[in-house]
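In: With the sequence up front, the predicted model follows.
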Amino acid sequence: MFRFLATRLASAAVAALLSSLAVFLLMRSVPGDIVSQMLGQSGNDRTAEEALRGFFGLDRPVWAQFADWLGATLSGDLGRSWYQGRAVTTLVWEAFLVTAEIAVATLVIATLVGVPLGVLAGIREGTRTDAAIQAFNLLGLSAPVFWIGLMLLVGASALLEWSPPFAYMPPSVDLAENINIIILPVLSLSLLQAAAYSHFVRDTMVTELRREYVRAAIAKGLAPRQVYFKHALRNILIPLVTFIGLILIQILGGAVVIESLFSLPGLGRLILSGIQGRDYPVVQGALLFVVLIALVVNFVIDLLYGLIDPRLRP
Amino acid sequence: MPGSRLRLIAGAFAALVAAGPVLADDSLVYGKSDPAAKNGGKITVGSLIEPPSLDPFLQGADARIRVSGLMYQGLFFEDQTGVPRALLAKSFEVSPDAKTYTFKLREGVRFHTGQSMSSADVKYSYDWMRDSRNGSPGAGDLSSVTEIATPDATTVVFKLARPNAALPMTLTNKYGAVVPKDYFAAKDAGTKFNEVSVGTGPYKLKLFRPNSVLVLERNKDYWQKGLPHIDEVTFATMPNSAAIVVALQNRRIDLALFSRPQDTEQLKNVPGVEVKRWPSLNQKTLDLDVKYGHLKDIRVRQAIALAIDKEAVMKASIAGYGTVIGTIVIGMQDSWGVPLDQLANQKVDLDRAKKLLADAGLADGFDIDLTTIIGYDWMDAGAVTVAEQLKRIGIRVHIKKIELGVWIRNFRAREMGFTFNDWGTTPDPSLLYYRHFRAAPQGADFRNWNNEKVSALLDAGQEEPDPVKRKAIYAEFQKILADDPVSIMMFSADLITGQRDRLKNYDQHATGWYFGLIKAWLAN
Amino acid sequence: MSRIAGFLRELFATPLQILCAVLLTVVLVLVAVPGLVAPQSPYAIDVARALQPPSAAHWFGTDDVGRDLFSRVVHGTRITLGLVAGALLASAVVGGFLGLVAGYYGRAADLVFGRFVDMILTFPPVIAGVVITGVLGPGARNLILALAVVYIPMFFRIARSGALAERQRTYVEAARALGFGEASIMLRQVLPNVLPLVLLQYVILFPLALQIEAALGFLGLGVAPPTPDWGAILEQGKNFIFSAWWMSLWPGLFLLGAAFAVMVLGRTLQQRFDRR
């Protein structure tokens, strides 16, 4: 077990390092840095340009810049935003709280809707109920999240004459206002994730119910309800837990678009505005954070699988 | 009728320009006062863009100037009539050789930090700005300044190498501002601007949360007694103009300035929301790099100008909410412009355009990339229209969208190619034209024009103190620009604001900046 | 002929699968002959008729410069799906080949390619797409590059595990005994057996890639105007969602329909595959 953990951790660290390096090189390989943006259409004063480039350390060789960044990062310092001057760790953390709130709310709604639907479809395999739920699942999985968001905006405005306030409010300050703001983005994301959940639970359920022991149990005269919930459902809990991890990573990705659509100051917006403004430390730091979350989630999934089912250990 | 109100206001400009800087009437700084004004209240302003940072010395982006102008002040206020009004300076004198400007400062002005402002702070701030090692984009405008002296606490003297009639207008609020002496001695001074404001302006920074909100609060110790009226202003960053429209309808915001005027169509019949149109100092242009491919040939440049139907481009990109222009922004047309019928290449003439192309050996047309900038919505619709128009003379246009940062880099490196541009100015012809068209090294000459005659005219225009002679110089320049269209100035979009009716006396400044909030007030 | 008919009948049995067959047929027609379905030009501008709601003359209404939306959406089918298909093909070739080599040869190749793929996998797909197109700038080329890179790991994994399994089969031993070279065995014997897996993966990933393509287009990171890409039309429409909802509705519905059809197809194929 220890060796398994160690190899996983090592390869995760290598992946994080490589991805950081890739982002670093990618951003510096294209024209148009922060200095151009700051000087705007103001003339061609080379001194000003060089002064700013020197200030941001952009005049140094790329490998030296990367070494500096890596050294600071390893000691826990992600630097400061070149525009705002605030610590990247603070910016990333604040943005993460927003994204995390959406992710958790989405997860809760998706679980509450998706799991029962999936169980129902699984139990009624082959019936009309099953077909209807499957159709819902596939539609939910096919619909672009941002388009659902757009349609919800239109619908809420046309039918309820209501629109979200847009200026973000943390739940700690004003919970009601906060809910007003996140409800539509959460609903848009939830549709996809509920469909994904339901899809997954149904298929797992069907597989479980076809197993010998379930058939045997029913043959023995156990009430079907008891069989479903005691045996089948318990056996799908494990894959379900790991599935949550995958969903979390998906929400993280989907949040980029949904945050832009609803003007939420989350991680996705932070990355996007960082790229647009060529604010390298912010992009670098925020992406590293996202990568670490993804790695941790994957690691925990592996770990759970390893703990639950020793056969899966490599 | 679009533009009729515009003409009226612009007409008033001309009369004032001849008078030169008006200093006596303080009550006109930041627009007209409303005797009925009441104090108090909070408002929210919806905006698509937000400043990347609040450092008033860096960055020429409108997103920053719009709000930093409320916290920081220069010596003058860029009155949209084209007159610099006294702000932190009370009055000034020019020496007979026009090379020494002596400014008397206002007394009793305090920074947000509580310190009193003196001539040392003014000298320090403008010295900082004009030293190009500090990276301020405004440095170039002050290149003629050789020395700033402070004979006493309320007097500042600017000594110039050559006369500069635009100096007072240069010392306004676009770049730089007066901050406490030695402010930049602190290592994190540049970024500290995003946490604490240190200006002399009517509003202080309360909170700046990127990608979300920027909150300003009333400066209780502001030197203009009784101003500002509103206690707190929140700028909320909104995802798109549709969201702004709905937010206005639902009373979530009180004011918004629309970048695409047609978006306000839906607000026309909404009770409690007023849509207003204002003249603007902004222009949308099609810029031609003289070193780029076939654009090297003046006949090709002229052919392009002759094939562009400015009116149609304006209709497509801003639904006609603006005015077609010739060689100057609409806000300066009456005071400094040349009537369009006296300018070459303003009317569509496809036969002549085709002949010019044939003469240039391009009878079969050619392919060219047209650059647009991501985030500038009007450009997309404008670009597809221009592409259709140029197809009529055989030019095959391929639209290329690029990031603002990349675009600026190309622009500054004088590799702009064939591009759309969105271009604003403070109301002085020298500030509008000089850096764009004066040959290097004095100007930036972004389009590689390198035109000696133009350079001589622009130098003369900057140095000429007599407004009448100045106008004649700039008229000659504009005729050259029309004849050799290195920049096809297409139209000025009206500034359109949507405001809830509880917001009173808000006048939109022609630059698109929010100076109007200083004298606005809230009913009940 | 009857065998194909039988195969198709088996493939499209349930109502869901029949719906999928109908949608796929429609999509194929739109891709093949968009001009026949929508004779109006998707590019012709007429500002005078801008932002008109759906009508007999313009079934889907018009956009902000007066272009016929029905035409744009119909002509956009080939462009949007073509972009995704091309990008995924590139991804399948590169990822599939790397996976084949890594799985068949193992050792160094596996280690190096494996780390490369792990690196891409560390990013959630949409974020990787945003970073690549955001930094390199929008346009068809970078969009294809971004989508191709994002999906390389998926093809890599499938091909690698396929090759790993095939490597231990007796026919490989036999070929080796007969004196065939390693490269030749990999390409002639192993590849044909791995190919179906890659193809299945292609169909399964298609709807996901389509959604990311649309999302990037919606963020303004897609193809340049005036190309009638679905994501780009949605991006253009977002400023008018409350006044001209039709600009946002139709391209979204087409996206939904296309993704749905291919998803059902993928699921059907997967089930058949699993039964074998």
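Out: Ah, there it is.
In: show me what contacts the residue in chain A that chain B sits nearest to?
Out: Relative to chain B, the nearest point of chain A is A:G85 (1.9 Å; CB to the nearest CB). Where C-beta positions appear, they are placed from N, C-alpha and C, glycine not excepted. Applying CB atoms under 8 Å, 6 or more residues apart in numbering or on different chains to A:G85 gives the contacts B:53, B:188, B:190-195.
In: can you check C:A109 too?
Out: Counting by CB under 8 Å, 6+ apart, C:A109 has contacts C:101-102.
In: what's the answer for B:S27, then?
Out: B:S33.
In: Just confirm it is within a helix.
Out: Yes - looking at B:S27 with DSSP: H, G, I helix; E, B strand; the rest coil, it is inside a helix.
In: Stretch B:82-99: which residues count as buried?
Out: Buried residues in stretch B:82-99, counting neighbours by 16 or more other CB atoms under 10 Å in any protein chain shown, are found at B:82-89, B:92, B:94, B:98-99.
In: Now render those residues as a markdown table, adding pLDDT, distance to A:V283 and secondary structure.
Out: Formatted as a markdown table, the buried residues of stretch B:82-99 follow (pLDDT from 0 to 100; distance: CB to CB, whole Å; DSSP: H, G, I helix; E, B strand; the rest coil):
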| residue | pLDDT | distance to A:V283 | secondary structure |
| --- | --- | --- | --- |
| B:G82 | 83 | 42 | coil |
| B:V83 | 85 | 44 | coil |
| B:P84 | 89 | 41 | strand |
| B:R85 | 90 | 43 | strand |
| B:A86 | 90 | 44 | strand |
| B:L87 | 93 | 39 | coil |
| B:L88 | 94 | 39 | coil |
| B:A89 | 93 | 42 | strand |
| B:F92 | 91 | 46 | strand |
| B:V94 | 92 | 49 | strand |
| B:A98 | 89 | 49 | coil |
| B:K99 | 92 | 48 | coil |
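In: Looking at those residues, spot the one nearest C:H58.
Out: B:G82 (46.2 Å; CB to CB).
In: So that closest one sits against B:G337, correct?
Out: No - using CB atoms under 8 Å, B:G82 makes no contact with B:G337, being 11.7 Å away.
In: circling back: the residue of chain A closest to chain B in helix, strand or coil?
Out: Applying three-state DSSP: A:G85 is coil.
In: Could you pull up the contacting residues of C:P251?
Out: C:73, C:76, C:230-231, C:233-234, C:237.
In: That should have said B:Y376, apologies.
Out: With the criterion set at CB under 8 Å, 6+ apart, B:Y376 makes contact with B:420, B:422.
In: what's the answer for the one 10 residues further on, then?
Out: By CB under 8 Å, 6+ apart, the contact set of B:V386 is B:286, B:308, B:313, B:370, B:397.
In: Tell me the most packed of those, by neighbour count.
Out: Counting neighbours by other CB atoms under 10 Å in any protein chain shown, B:V313 leads the contacts of B:V386 with 27 neighbours.
In: Would you agree that one is in contact with B:F491?
Out: Yes - using CB under 8 Å, B:V313 makes contact with B:F491 at a distance of 7.3 Å.
In: which of the buried residues of stretch B:82-99 lies closest to chain C?
Out: Closest to chain C, out of all of the buried residues of stretch B:82-99 and judged by CB to the nearest CB, is B:G82, at 33.0 Å.
In: Need phi/psi at that closest one.
Out: For B:G82, the backbone dihedrals are phi 100, psi 10 (criterion: degrees, to the nearest 10).
In: returning to that earlier point: which of the contacts of C:P251 are buried? Put it as a ChimeraX command.
Out: Restricted to buried positions by 16+ other CB under 10 Å, the ChimeraX selection for the contacts of C:P251 reads:
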select /C:73,76,230,231,233,234,237
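In: which of the contacts of C:P251 lies closest to B:R110?
Out: C:G237 (50.2 Å).
In: Please save the CA atoms from the helix or strand where that closest one lies in PDB.
Out: In this assignment (DSSP states H and E), C:G237 forms part of helix C:230-237. Provided in PDB are the C-alpha atoms of helix C:230-237 (Å, rounded to 0.1, in the frame of the first residue of the first chain):
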ATOM      1  CA  TRP C 230     -22.900  27.500 -33.800                       C
ATOM      2  CA  GLY C 231     -20.900  28.600 -30.700                       C
ATOM      3  CA  ALA C 232     -20.000  31.900 -32.500                       C
ATOM      4  CA  ILE C 233     -23.600  32.600 -33.200                       C
ATOM      5  CA  LEU C 234     -24.500  32.000 -29.600                       C
ATOM      6  CA  GLU C 235     -21.700  34.400 -28.500                       C
ATOM      7  CA  GLN C 236     -23.100  37.000 -30.900                       C
ATOM      8  CA  GLY C 237     -26.600  36.400 -29.600                       C
END
